[in-house]
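>>> Fold the following, please.
(2 chains)
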Amino acid sequence: MDLNRRVLPERYNGGTKPALLPNWWQELQDAAWAEYERLPMPSRKDERWRFTDLGKLAFTGYTAGSPVPERSRSDLQAFFHRGEAPALLFANDSLLFSRSISPEAKKKGVLLTPLLEAANGAADLLKSYLFRERVALGAEKLETLHRAYATAGAFLYVPAGVELEQTVDLSFWLTEEDAATFPHILVVLEENARARIHLRFGSTNPKGGFACSVQELFLGAGAQLEIFTGRKWAEGTCSFDLASVRLDRDANATTFQFNQGGGYTRTESRSRLLGSGARSVMLSATMARNRQEFDQRSFQEHSAPNTRSDLLYKSALYDSSRTIFAGMIDVDPGAQQTDAYQSNRNLLLSPDAEANALPGLEILANDVRCTHGATIGQVDPEELFYCLQRGIPLEAAQRLFVLGFLTDVIDRIPDADAKRSLTEEIDSSVSQPRRS
Amino acid sequence: MSLQISDLHARIVERTILRGISLEIRPGETHAIMGPNGSGKSTLSKVLAGHPDYEITQGSVVLDGVSLLEREPDERARMGLFLAFQYPCEIPGVSIANFLRAATQARLPEGESLSVTDFYQKLYHEMDALGMQRTFSSRPLNSGFSGGEKKRAEILQMAMLQPRYAVLDETDSGLDIDALKVVAGGVNRLRGPEAGLLIITHYQRLLDYISPDFVHVMVAGRIVQSGGPELALELEKRGYGFLEVQYGSSELSPLAGAGAPG
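Here you go, the predicted structure:
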């Protein structure tokens, strides 16, 4: 990695405010850097990198903290001002725009702040959660690299019993093909707190870039979180998004990811069901095109009795794209009455596309219900002929099949607004009205 | 102006099914093709629509002056050819309304986009006229449909797409009398000076509701008799047996066996 150590964006917060990294954080970065140098590079010999095209991983030639050109800034400003929700927008790890939470929410003690501000204003609270979780589904070296660099990011804290009604919008952008970004999303919901987050990763440049983000989501007893992640990096971007959600008793998390774009995209998602009655729903819809590769790894960790997890990952593959799904349901001896489900389904729209599925179970309790399965299928030629006979050209027919294929996963998004905006986004991204 | 089929021969793998079909359907005319099982009726409909499994070995099909056989199935459809399938496919997760929107959009000039309001207005108008519940259009196309529902969905699509030439492949098979009336009602609504219809059926029953102008009898890949509606009644009375003895049946015909030369 050609990155300078311990980078602080020069134009933090629009260039108006110098950012200070406290000593404890600097020490954390130093330790992470030493660990990063010690950890081995990803290898095909490691089961957790099985099927990955390691040739697509590019760690060199990027600069952290690249300045944001004026043009990208104004594009992002226009994007930002279309929204009304409380929001933070970062580009190349600089905070460009923010919109605060409502005064009522503030009064109830809700905190939405850039990490660097929290480090100064709410240091004790931040320190007790930041970098506490390890996703560790293979990308430990990247996770460590993230620790060595991450300064950009959001801290959302919702006190016990408080429901944050407004959806929080967080977005992280790359503006240059040689830029690197290390977003960190830290969410702490205390007992019975509720929040909903819309997280977006994207580029204003047409190609390239490097992103390595970490999500640490802490749910106290009875807390409820919905987090919707949309990834649309520029073609050729190498990205890692490593997420861990930690659920106490009766907590309930729904994570939904919608993936498109990029070059190599690896997602690691760990659900830690630590308290009885906890439930995690893990959903993903991917549209892979060109030579894109989506490498998704998941872990459903049942450590307490009466916990439920439900994973459904679906991918539609065009062109010469590739997907990898490797999932594991892990049930501890004490986690009786676990109910776990894991399903990965792939629709191949091109003979050159390749889907790899590795579902897995490791069950050490004896009174559980665990099911898993994976399918890889193509469009039925009779169904295609039927569409063509109605005058629907091949590409539009494929679009219908993809929409139809993704319907059941989209239908499971609980929030109606998020569902509608996703449907529109999928619709526009599969729409290429062209006559044959 | 017509759908003109001339000396059409077609085979699937090495098995010849159509052995010289000639038939002209003009707008405003309704033709019925009857015939025993295995005579090639369904093959004719699929060959016209451009199903990739069939190979045309001889003959031509011309739609309003334009040769059809070199065209892709979707182009043929946009030229005005509609096929109501005998066994309509399930399109998982795609509602009837969304499916029809895509089909309607495909018929607009390039760069023009469909008015959603106009579309739904027309859809509901057609559904009302066919006596269908509006909620029907939000169900995934043919998914879990009964036989009757599938055929109703075919008729609704035909009504929405207003084809110039419609081929109905045994749309009456497996229908109860209520569904049969819906199907017949839909067909009769499409009839008019602008539309030519080809109704393929095994039984005379549908023809009680849709009275054809011409009836053709197909046996072993050929049209062996043509006449008016009275021919259908005669077939109903006498069955196909006497024609199969005269012209060969799929079982009897040496050409029907696998590997027979075209």
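>>> Export stretch A:80-89 to PDB, keeping only CA atoms.
Only the C-alpha atoms of stretch A:80-89 are listed here, as PDB (Å, rounded to 0.1, in the frame of the first residue of the first chain):
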ATOM      1  CA  PHE A  80     -26.900  16.100  -0.600                       C
ATOM      2  CA  HIS A  81     -29.400  18.900  -0.800                       C
ATOM      3  CA  ARG A  82     -32.000  16.600  -2.400                       C
ATOM      4  CA  GLY A  83     -32.300  14.900   0.900                       C
ATOM      5  CA  GLU A  84     -33.900  16.100   4.200                       C
ATOM      6  CA  ALA A  85     -32.800  13.500   6.600                       C
ATOM      7  CA  PRO A  86     -30.100  14.000   9.200                       C
ATOM      8  CA  ALA A  87     -27.000  13.200   7.200                       C
ATOM      9  CA  LEU A  88     -23.200  13.100   6.900                       C
ATOM     10  CA  LEU A  89     -21.500  13.100   3.600                       C
END
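>>> Give me the contact list for stretch B:201-215.
By Cβ atoms under 8 Å, 6 or more residues apart in numbering or on different chains, the list of residues contacting stretch B:201-215 from outside reads B:29-37, B:41, B:170-173, B:180-181, B:183-185, B:187-188, B:191, B:199, B:226-229, B:231-233, B:235-236. To be clear about C-beta, it is placed using only N, CA and C from the backbone, and glycine gets the same treatment.
>>> In strands only, show me the residues you listed.
Of the contacts of stretch B:201-215, the ones assigned to strands by DSSP state E are B:30, B:31, B:32, B:33, B:34, B:199, B:226, B:227.
>>> residue contacts, the spatially closest residue to residue A:165 that is not a sequence neighbour?
In space, and not counting its chain neighbours, residue A:165 is closest to residue A:105: 7.7 Å by Cβ to Cβ, 6 or more residues apart in numbering or on different chains. Contact analysis of residue A:105 by Cβ under 8 Å, 6+ apart lists A:86, A:162, A:164, A:165, A:166.
>>> For these, work out which two are farthest apart.
Greatest spacing in the contacts of residue A:105, by Cβ to Cβ: A:86 and A:162 (14.0 Å).
>>> wait, residue B:168 sits on residue B:199?
Yes: counting by Cβ atoms under 8 Å, residue B:168 touches residue B:199, with 5.0 Å between them.
>>> gap between residue A:318 and residue A:63?
Distance of residue A:318 to residue A:63, computed by Cβ to Cβ, to the nearest Å: 32 Å.
>>> okay, the two: which has more neighbours?
More crowded of residue A:318 and residue A:63, by other Cβ atoms under 10 Å in any protein chain shown: residue A:318, with 20 against 16.
>>> what about the more buried one, distance to chain B?
As defined by Cβ to the nearest Cβ, to the nearest Å, residue A:318 lies at a distance of 18 Å from chain B.
>>> my read: that residue touches residue A:286, true?
No: applying Cβ under 8 Å as the test, residue A:318 and residue A:286 come out as separate, 10.9 Å apart.
>>> Going through the contacts of residue A:105, which ones are buried?
Among the contacts of residue A:105, those buried by neighbour count (16 or more other Cβ atoms under 10 Å in any protein chain shown) are A:86, A:162, A:164, A:166.
>>> quick revisit: and the pLDDT for the residue nearest to residue A:165?
Per-residue confidence (pLDDT) for residue A:105: 97.
>>> Check residue B:165 too.
pLDDT, residue B:165: 98.
>>> List the contacts of it.
Counting by Cβ under 8 Å, 6+ apart, residue B:165 touches B:3, B:25, B:27, B:63, B:80, B:81, B:82, B:195, B:196, B:197, B:198.
>>> The closest residue to chain B within chain A - how many residues pack around it?
Residue of chain A nearest chain B, by Cβ to the nearest Cβ: residue A:404 (3.0 Å). Neighbourhood size, residue A:404 [other Cβ under 10 Å]: 22.
>>> Assumed it was part of a helix.
Yes: under DSSP: H, G, I helix; E, B strand; the rest coil, residue A:404 falls within a helix.
>>> ok, back up a step: quick check on residue B:168 and residue B:199: which one has the bigger neighbour count.
Between residue B:168 and residue B:199, counted using other Cβ under 10 Å, the more crowded position is residue B:168 (28 against 24).
>>> Using the three-state scheme, assign that one.
Following three-state DSSP, residue B:168 is assigned to strand.
>>> I'd like the average pLDDT over the helix or strand harbouring residue A:282.
In the assignment (DSSP states H and E), residue A:282 maps to strand A:279-288. Averaging the model's pLDDT scores along strand A:279-288 yields 97.
>>> what packs against it?
On a contact count with 3 or more Cβ pairs under 8 Å, 6 or more residues apart in numbering or on different chains; DSSP states H and E, strand A:279-288 meets strand A:238-247, strand A:252-261, strand A:264-273, strand A:293-302, strand A:308-317, strand A:322-331, helix A:394-410, helix A:416-430.
>>> For the second one, enumerate the helices and strands it packs against.
When contacts are defined as 3+ Cβ pairs under 8 Å, 6+ apart, strand A:252-261 sits against strand A:210-219, strand A:224-233, strand A:238-247, strand A:264-273, strand A:279-288, helix A:416-430.
>>> Right, I'll call it a day here.
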